[in-house]
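Colleague: predicted model, plus sequence, below.
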Amino acid sequence: AQSVTQLGSHVSVSEGALVLLRCNYSSSVPPYLFWYVQYPNQGLQLLLKYTTGATLVKGINGFEAEFKKSETSFHLTKPSAHMSDAAEYFCAVGDYGNNRLAFGKGNQVVVIP
Amino acid sequence: EAQVTQNPRYLITVTGKKLTVTCSQNMNHEYMSWYRQDPGLGLRQIYYSMNVEVTDKGDVPEGYKVSRKEKRNFPLILESPSPNQTSLYFCASSFGVAPSYEQYFGPGTRLTVT
């Protein structure tokens, strides 16, 4: 079955600094990869997704992620953190065998003024 | 507005008292799913449905039931809730089968079982 690993449950970043959230996946087939964001007291919403084609994927709110097959990674970045980026971020991979998305455990991002 | 709705948003109940959490989507999506979210564990799938009358178990189905009698609705039933089912629950839907398609999430239902 496909799976993802997110390290570091809590990530602190200074306002204006680079946001980098790491995601490594395990998949025996070409993966579909997703990043979701969850703001406080809300459901998850899609930030960006990789299906096929261009390996650098741009999403909403200035986020982007790069698919690197050789490293089995799909790290999420944003050049300059805003206070509004404080949220929980989940990486997910399509798990064909189980007809689902397999989610990582999430990264809680805190932005320090 | 395209959306997934869940009711109730908050629920406190006692052990053994049957409850139903409703989920409805207005996007004509075929795939629907229930997740629970617990600190440090991320989202774990409870059940999913690929179409009307087609449901299957996810990672953590014990203690839950679902049904899909209409395309838009996918209720989650706890026949005899227990404290270990205290959690944040999300319903989600997508146009097609989950691995390839974006899932749209409801706002969540926070359940406390005492």
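Modeller: Cool, the structure landed.
Colleague: where does chain B come near chain A, residue by residue?
Modeller: Counting by CB under 8 Å from any CB of the partner chain, the residues of chain B close to chain A are B:4, B:31, B:33, B:35, B:40-45, B:48, B:50, B:56, B:58, B:90, B:92, B:97-100, B:102-103, B:105-108. Every C-beta, even on glycine, is put in place using the N, C-alpha and C of the backbone.
Colleague: low-confidence ranges, chain A, go.
Modeller: Residue ranges of chain A with pLDDT under 70: none are present.
Colleague: coming back round to it: narrow the residues of chain B next to chain A to those in helices?
Modeller: Within the residues of chain B next to chain A, no residue falls in helices by DSSP state H.
Colleague: in a helix, that's where A:Asn61 is, yeah?
Modeller: Yes - remark: A:Asn61 belongs to a helix, assigned using DSSP: H, G, I helix; E, B strand; the rest coil.
Colleague: got a list of what the closest residue to chain B within chain A touches?
Modeller: For chain A, the residue positioned closest to chain B under CB to the nearest CB is A:Gly94, at a distance of 2.9 Å. For A:Gly94, the contacting residues are A:2, A:31-34, A:101-102, B:98-100, by CB atoms under 8 Å, 6 or more residues apart in numbering or on different chains.
Colleague: just the ones in strands from the residues you listed, please.
Modeller: Using DSSP state E, A:33-34, A:101-102 are the members of these that sit in strands.
Colleague: is it true that A:Ser73 touches A:Ser26?
Modeller: No - A:Ser73 lies out of contact with A:Ser26 (CB atoms under 8 Å); the separation is 11.2 Å.
Colleague: quick one on the thing from earlier: the ones in strands among the contacts of A:Gly94 also near chain B: which ones?
Modeller: Checking the ones in strands among the contacts of A:Gly94 against chain B by CB under 8 Å from any CB, the ones in range are A:34, A:101.
Colleague: all good on my end, thank you.
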